[in-house]
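> sharing a model that was predicted from the sequence below.
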Amino acid sequence: MNIESFPLALSYDDVLLVPQRSPVASRGDVDTTGHLTPRIALRAPIVAANMDTVTEAPMAIAIARAGGIGVIHRFLTIDQQVSEVARTKRAEALVIDDPFTVRPDVPLQDALDVMSVHGTGGLVVIDEDRRPLGMVTRRDTLLRDDLTIPVATVMSPRERLVVAPADIDEDEAAVLLRDERIEKLPLIDADGRLAGLITMRDLLQRKERPTATKDGRGRLSVAAAIGVRGDHLERARALVDAGADALVLDIAHGHMEQALEAVAAVSALVAPVEVIAGNVATAEGARDLIAAGAKAIKVGVGPGSACSTRVVAGVGVPQFTAVRECAEACREHGIPVVADGGIRAGGDVAKAIGAGADTVMVGNLLAGSTESPGTVVSRGGARVKVFRGMASAGAAAARRAIDGDPQDALARGDQTEFSPIVPEGVEAVVPLRGSAADVVGELVGGLRSGMSYSNATTIREMQERARFVRITSAGLRESHPHDVTM
């Protein structure tokens, strides 16, 4: 074996973008819209990783509002994961198709409990045929000592309720809400039954966040992760029924027969919802997943900050090379690439896009944001949050708590990727970084700068025009602030 014949593979730190003559006068002149899948476009090409210390509903909501998308992790029961998807979809919508309701005879305390659980400020009061009888809001409950009284005694009755037909358009609804000085507008069908709800808050959010990632019905977009064994088909169907816009087939080694079979089975089951598959690090892996039905390829074996696959298993391909080679294969079929792992700053996003990625998946940087799961703690005087790789011992234990004892599974012949194995991830803490929107803003700002240096006004132009040079360790040191006291 001649080691000189081994191909050289590079990480993001091994290269720099070459500045080029460019007519781009301002970072604001570039369009950072990238495609997660052929159908789903992201104004900010940032994907919140499907990790249990990164993405549940609060993160998915924040990222979608910032122009990216979140992937709800699968370390939950099916019902729990479905609930996280549903919470994201309900956070914003032009029309809430299934508004929260209450019957007029229930105690006021019950109505308050429903509002608290679902995070809403009001409920439509309906009869047994779903005809609106009134509206009860938190304001109606203020300064009331007796919460056992029925909702009917405090609600705004039907004769004072402003309603609209189910087919009202956005502009008409906005005028009605404004002129009637109301916050919620129930919609009724031809039979007088409740058909939906439009809120002033949702209309204002649409105007305030025009770049938010939304589906065709004005709801925030969200993806969800599934596995390749066990309940993956049942989980896939339940998530799609809950409104998931894409499914991410989540497995460390995406170029294995079981993964290919799962992609084909899930793609057939949930069409036209698109399946994102991975992780792979070679052109062959990308092509095989595409042939199986994947509509986007997730690239990255070992580059994540909490991943130890390359140390434990000795397997992986440095991320810049992996993205570049997979992107060339995917471009032949018009399939987008998600560069998963290794992103530490906006410059890495620019390098990933220049290498051919359409979006990047981020874990570490978002794990420290206020919207990530977990509690803020102090360590050494600093405020931090826990962050762990999904192949870590702690993550595997969490999965076993949901799936049951792995030894029982082995006895049934139902081995999973979390059956007794050597962990390929670590648990750590990351500094508190503020809001997810701030993190996305910094990453996209770096991408915009990289594009302006590279004579690119769109993601496609960046992929086509980016030029790179390899650098030495001295070049890397020179790239960072040096010879100063920080």
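Nice, I can see it.
> quick one: contacts for the nearest residue to Met155 once chain neighbours are set aside?
Nearest residue to Met155, sequence neighbours excluded (CB to CB, 6 or more residues apart in numbering): Gly134, at 3.8 Å. Using the backbone N, CA and C atoms, a C-beta is placed for each residue, glycine as well. With contact taken as CB atoms under 8 Å, 6 or more residues apart in numbering, Gly134 is in contact with 104, 124-125, 152, 155-158, 160-161.
> partner strands of whatever helix or strand Gly134 lives in and their direction?
Assigned by DSSP states H and E, Gly134 belongs to strand 132-137. Here strand 132-137 is paired, per DSSP bridges, with strand 122-126 (antiparallel), strand 156-157 (antiparallel).
> give me the contacts around the first one.
This points to strand 122-126. Applying CB under 8 Å, 6+ apart, the contact partners of strand 122-126 are 99-104, 111, 114-115, 132-138, 151-152, 155, 183-184, 186, 194, 197.
> what do you get if the cut-off is 10 Å, keeping everything else the same?
Strand 122-126 is contacted from outside by 96, 99-106, 111-112, 114-115, 130, 132-140, 151-152, 155-158, 161, 163, 183-184, 186, 193-194, 196-197, 199, using CB atoms under 10 Å, 6 or more residues apart in numbering.
> what do you get for the last one?
Applying CB under 10 Å, 6+ apart, the set of residues contacting strand 156-157 from outside is 104, 122, 125, 133-137, 139-140, 162, 182.
> and Ser378, which of the three is it?
Secondary structure, DSSP: H, G, I helix; E, B strand; the rest coil: Ser378 is strand.
> give me the spatial nearest neighbour of it, chain neighbours excluded.
Ser378 sits nearest to Val384 (CB to CB, 6+ apart), 7.4 Å away.
> which ones are touching the one you found?
So Val384 contacts 367-368, 374, 376-378, 428-432 (CB under 10 Å, 6+ apart).
> same deal with Gly285?
Applying CB under 10 Å, 6+ apart, the residues near Gly285 are 253-256, 259-260, 277-279, 297, 299, 301, 317, 322, 325-326, 329.
> wait, is it part of a helix?
Yes - assessed with three-state DSSP, Gly285 lies in a helix.
> pLDDT score assigned to it?
Gly285 is assigned a predicted lDDT (pLDDT) of 98.
> looking at this protein, which helix or strand is least sure?
Sorting the helices and strands of the chain by mean pLDDT, DSSP states H and E puts helix 406-411 at the bottom, at a mean of 43.
> sorry, back to before: derive a PyMOL selection command for the buried subset of the contacts of strand 122-126.
This is how PyMOL selects the buried members of the contacts of strand 122-126, with burial counted by 16 or more other CB atoms under 10 Å:
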select buried, resi 96+99+100+101+102+103+104+106+111+112+114+115+132+133+134+135+136+137+140+151+152+155+156+161+163+184+186+194+196+197+199
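> among the contacts of strand 122-126, which ones are in helices?
Among the contacts of strand 122-126, DSSP state H puts 111-112, 114-115 in helices.
> where's Ala339, which helix or strand?
Using DSSP H and E, Ala339 falls in strand 337-340.
> quick one: the helices in the stretch 251-400 of the chain?
Ranges of helices in the stretch 251-400 of the chain, per DSSP state H, counting those that start in this stretch, are 257-270, 283-292, 309-312, 319-331, 346-355, 364-367, 393-403.
> and the first one, what other elements does it pack with?
So the one you mean is helix 257-270. Packing contacts for helix 257-270, counted by 3 or more CB pairs under 10 Å, 6 or more residues apart in numbering; DSSP states H and E, involve strand 223-226, helix 232-242, strand 246-250, strand 274-280, helix 283-292.
> cutoff 6 Å now
helix 232-242, strand 274-280, helix 283-292 (3 or more CB pairs under 6 Å, 6 or more residues apart in numbering; DSSP states H and E).
> and it, what's buried?
259-260, 262-267, 269-270.
> got the contact list for that helix?
228, 233, 236, 240, 249, 251, 275, 277, 288-289, 292-294 (CB atoms under 6 Å, 6 or more residues apart in numbering).
> please apply the same query to stretch 272-279.
Contacts for stretch 272-279 (CB under 6 Å, 6+ apart): 37, 240, 246-249, 254, 263, 266-267, 289, 294-298, 300-301, 340.
> ok, so of the contacts of strand 156-157, who is nearest Val469?
Using CB to CB, Gly122 is the member of these that lies nearest Val469, at 59.1 Å.
> re the thing from before, now the strand holding Gly134: average pLDDT?
According to the model, strand 132-137 has a mean pLDDT of 92.
> which SSE is Thr201 in?
No, residue 201 isn't Thr; it's Arg. helix 200-208.
> what does that helix rub up against?
Outside helix 200-208, the residues that reach it (CB under 6 Å, 6+ apart) are 92-93, 174, 177, 183.
> how about a cut-off of 8 Å?
65, 92-94, 96, 170, 173-174, 177, 182-184, 212, 218.
> likewise stretch 466-486?
Contacts of stretch 466-486 (CB under 8 Å, 6+ apart): 10, 13-18, 20, 351, 353-355, 454, 456.
> let's see it at 7 Å
10, 13-18, 20, 354, 454 (CB atoms under 7 Å, 6 or more residues apart in numbering).
> now it: buried residues?
For stretch 466-486, using 16+ other CB under 10 Å, the buried residues are 466, 468, 471.
> please apply the same query to stretch 442-453.
442-444, 446-453.
> would you turn those residues into TSV with pLDDT and distance to Lys207?
What follows is the buried residues of stretch 442-453, written out as TSV (pLDDT from 0 to 100; distance: CB to CB, whole Å):
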residue	pLDDT	distance to Lys207
Glu442	97	25
Leu443	98	25
Val444	98	21
Gly446	97	28
Leu447	98	26
Arg448	97	24
Ser449	97	28
Gly450	97	30
Met451	97	27
Ser452	97	28
Tyr453	96	33
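> of the contacts of Val384, which is the most crowded?
Highest neighbour count within the contacts of Val384: Ala367, with 31 neighbours (other CB atoms under 10 Å).
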